[in-house]
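Participant: Could you look at this predicted model? Sequence included:
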Amino acid sequence: MVADGLRFHVVTRNHIAPTPGEGPDARPALHVASPPVLRPPRATRVPRIVALFVGLAGLVTLLSSAFSWIRGRTETLSDVLPLSVRSGATSTAVLAGFGLLVIAGALARRQRRAWWIALVLLLIAGISHLIKGLDVPEAGLSLGMAVVLLMARREFDTRPGPGSVRRAVVALPALALGAWAFGIVAILAHSEAMVPRPTFGVAAAAALRGIVGLSLGIRMVDLAGGWIPDVLPLLGVAIVTSGFALAFRPVVEGLRRNPGDSERARALVRRYGSDTLAYFALREDKNYFFEGEAMLSYRYLWNLGLISADPIGPPEDVRRAMEAFVDRARSQGWGVAVLAGGPDLADLYAGLGLQGFYLGDEAILDPPAFSLDGHRIRKVRQSCHRLERLGYRLEFLSDAEVDPDLRAALAAVTRSWRGRAPDRGFTMALGREPSPHDPDCVTVVAVDPEGTAQGYLHLVPCYGTLPGYSLDQMRRRRETPNGLSEWMVARTTQELGRRGVVRFSLNFAFLGALFREETPLTFLQRLEVAVARRLNPFFQIESLQWFNAKFSPMWSPRYIYSEPPLSFPRVALAYLESEAFLRLPLIGARSRLRGLAPR
């Protein structure tokens, strides 16, 4: 079939299952309002609030111990308790305060083990405050928080990751031995600056005292070794911090799929995948969570369960699946975030304590109504005419029709376009080349007069009563004429309209609404735009917005739904890492080293 200078291969139409709640005349709508944010259930906030105040109690304990010499309340106890006892209580309070600061993070993750240790540390801190100087307000804060912990004990039911205690037991002696050896060597190396000159036994005892925060018991007569009394306690702090981190390490999860999960997920996407991002749930680097006839795809990163777009399935099962996943995540000490969720499930997310933050817009075209007529689309029309005069044409193929030779040619196009840059995507990209395993996907190849592939589009299907496609990849060789991408999109949209397709989702525009002139902006939003424009050369933020706007699309908003605002910086970094916009040391590597091959 030849039309408008394009050559098309026939693609078998998909068997499309109806989706409940969609009418035959429905079209993607433009949503401009932010999703409603309901007050999250009290139970989702209690552990974080308690953790915050436990950390505050630890900070107060440290400050009180550091500055207790300023006050004169110790004189009241001078005739009752010897100075050594009060000094020991001060040291104990310091250790308890530091422990409370470290343990607060595990408390926020609802860990039962952290609850027990925090309770003991608060009691120790409270008693130490009274012994070291009758610090009644500080003691009241610590003991009061112990009472609060007892009252909220049912909120802390999460277990740490398997083997966490074993790792701590193995690592702590090794770290302590290393720090002790370092202290001994440092003292002996600077022995000439000390009086009396220490023997090996004296140096060993002094190093041990320094690591636990006590005086070395050695007098310094030269500044050369003056750093030792300051560094050894820091090593002790590092050892304790490492021990806490290992003992309270949350459950870490790599890619884990059971046999048959992939086929089950594919069947659910075909039956219920009416959302424009539903097919991207079939990426190979995502885990699946099933509940009834519903599923969601996710990845563990940064101690977060990152859900990719909205769950897929019938409404009643979607609600149960989302609730079950949040319960599972919180039982393992994870936070939860939905990346690129739509506005329709905002009430469900808010009821689970997830608040919406505007992420950007999908540009969605209506192929039957799309036209190249009119002044607004004049530049796209000119690009189409210019490319066709040069002899370029398009070929439409199902992925099953892409042979190895063409697959190699498309890979060469990708290398020319991306170079060594990583292939980006998690929520809105399939992450693989055209494959016979995706027979419902379509590959649109731009061919020059010599028959060489110079660019291509890869489209994934949207099922339901509103058949459509989403743009997965758009690639071209860098030396091709200007306007090739616009031409591919425009002619593809027209052909989809002729085939009865009613939706075509283009590129995602990050913070797109904030760049549109008709959108009134708050001060914070103007600040976001300024930052986004600074980042535009690296992430093509503004240029994607203007590319999409050339086609006069309907804009469909997407949001990040995450737990209370304090966790949002971590969610934002995890989002950038998952989409390959940012590669941070250890963070991405931790996920990759745990294996990306299904097990």
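Facilitator: Good, I have the coordinates. Numbers count the residues shown, from 1 in each chain.
Participant: all strands of the stretch 451-599 of the chain, in order?
Facilitator: For the stretch 451-599 of the chain, the strands defined by DSSP state E, counting those that start in this stretch cover 453-462, 468-476, 503-510, 554-562.
Participant: what bridges to residue 363?
Facilitator: residue 555 (DSSP bridges).
Participant: do residue 339 as well
Facilitator: Applying DSSP bridges, one finds that residue 339 bridges with residue 308.
Participant: Now the residue nearest to residue 148 when sequence neighbours are not counted: which helix or strand?
Facilitator: Of all residues not flanking residue 148 in the chain, residue 50 sits nearest, at 6.3 Å (CB to CB, 6 or more residues apart in numbering). For every residue, glycine as well, the C-beta is placed using N, CA and C. Assigned by DSSP states H and E, residue 50 falls within helix 42-67.
Participant: which residues touch the residue most central in space within the chain?
Facilitator: Residue closest to the mean C-alpha point of the chain, counted by CA atoms, centre = their mean, is residue 574 at 2.5 Å. Residues counted as contacts of residue 574 (CB atoms under 8 Å, 6 or more residues apart in numbering) are 301-302, 304, 306, 337, 587.
Participant: Thought residue 488 was touching residue 394, still the case?
Facilitator: Yes: Residue 394 is within contact range of residue 488, at 6.7 Å (criterion: CB atoms under 8 Å).
Participant: Show me which of these two is the more surrounded one.
Facilitator: residue 488 (26 against 23; other CB atoms under 10 Å).
Participant: what's the pLDDT at that one?
Facilitator: Reported pLDDT at residue 488 in the predicted model: 95.
Participant: again with residue 90
Facilitator: So residue 90 comes in at 77 (pLDDT).
Participant: does it belong to a helix or a strand, and which?
Facilitator: Using DSSP H and E, residue 90 falls in helix 83-108.
Participant: and the next helix or strand after that helix with helix 83-108, angle?
Facilitator: Later in the chain than helix 83-108, the nearest helix or strand by DSSP H and E is helix 112-133. The directions of helix 112-133 and helix 83-108 differ by 150 degrees, with axes from the mean of the first three to the mean of the last three CA atoms, to 10 degrees as the criterion.
Participant: what's around residue 129, how many residues?
Facilitator: The number of residues near residue 129, taken as other CB under 10 Å, comes to 29.
Participant: isn't it right up against residue 142?
Facilitator: Yes: the pair residue 129 and residue 142 passes the contact test of CB under 8 Å, sitting 6.5 Å apart.
Participant: what sits in contact with each of the two?
Facilitator: Common contacts of residue 129 and residue 142, defined by CB under 8 Å, 6+ apart, comprise residue 61.
Participant: re earlier: pull the distance from the helix holding residue 90 to the chain's centre.
Facilitator: Distance of helix 83-108 from the chain centroid (CA atoms, centre = their mean, to the nearest Å) equals 33 Å.
Participant: Just the buried positions in it, please.
Facilitator: 86, 88-90, 92-108 (16 or more other CB atoms under 10 Å).
Participant: okay, now the domains of the chain?
Facilitator: Annotated domains of the chain cover 2-14+362-558, 42-155, 187-247 [automatic domain parsing].
Participant: rewinding a little: now for the residue nearest to residue 148: which residues touch it?
Facilitator: 107, 145, 148-149, 152, 155.
Participant: Relative to residue 107, how far out is it?
Facilitator: As judged by CB to CB, to the nearest Å, residue 50 and residue 107 stand 6 Å apart.
Participant: Residue 339 too?
Facilitator: 27 Å.
Participant: Leaving out chain neighbours, which residue sits closest to the residue nearest to the centre of the chain?
Facilitator: Nearest to residue 574 is residue 302, by CB to CB, 6+ apart, at 4.1 Å.
Participant: what residues are up against the one you found?
Facilitator: 570, 573-574, 577, 587.
Participant: For residue 431, which non-adjacent residue is closest in space?
Facilitator: residue 283 (4.8 Å).
Participant: doesn't residue 367 make contact with residue 497?
Facilitator: Yes: counting by CB under 8 Å, residue 497 does reach residue 367; the two are 3.3 Å apart.
Participant: which SS class is residue 356?
Facilitator: strand (DSSP: H, G, I helix; E, B strand; the rest coil).
Participant: How many residues are close by it?
Facilitator: Residues near residue 356, counting by other CB under 10 Å: 22.
Participant: I figured it hits residue 559, correct?
Facilitator: Yes: Residue 356 is in contact with residue 559 according to CB under 8 Å; the separation is 4.3 Å.
Participant: picking up where we left off before, out of the contacts of residue 50, who has the most neighbours?
Facilitator: residue 107 (27 neighbours).
Participant: which residues sit in contact with that residue?
Facilitator: 47, 50-51, 54, 114-115, 118, 156.
Participant: That one and residue 276: what is the separation?
Facilitator: 40 Å.
Participant: same check, this time on residue 577
Facilitator: In terms of CB to CB, residue 577 sits 24 Å off from residue 276.
Participant: So between those two, which is more surrounded?
Facilitator: Higher neighbour count among residue 577 and residue 276: residue 276, with 28 against 20, using other CB under 10 Å.
Participant: Where does that one sit, in terms of helix or strand?
Facilitator: With DSSP H and E as criterion, residue 276 is part of no helix or strand.
Participant: do the same with residue 183
Facilitator: Assigned by DSSP H and E, residue 183 falls in helix 164-189.
Participant: That helix packs against which elements?
Facilitator: helix 200-211, helix 228-247 (3 or more CB pairs under 8 Å, 6 or more residues apart in numbering; DSSP states H and E).
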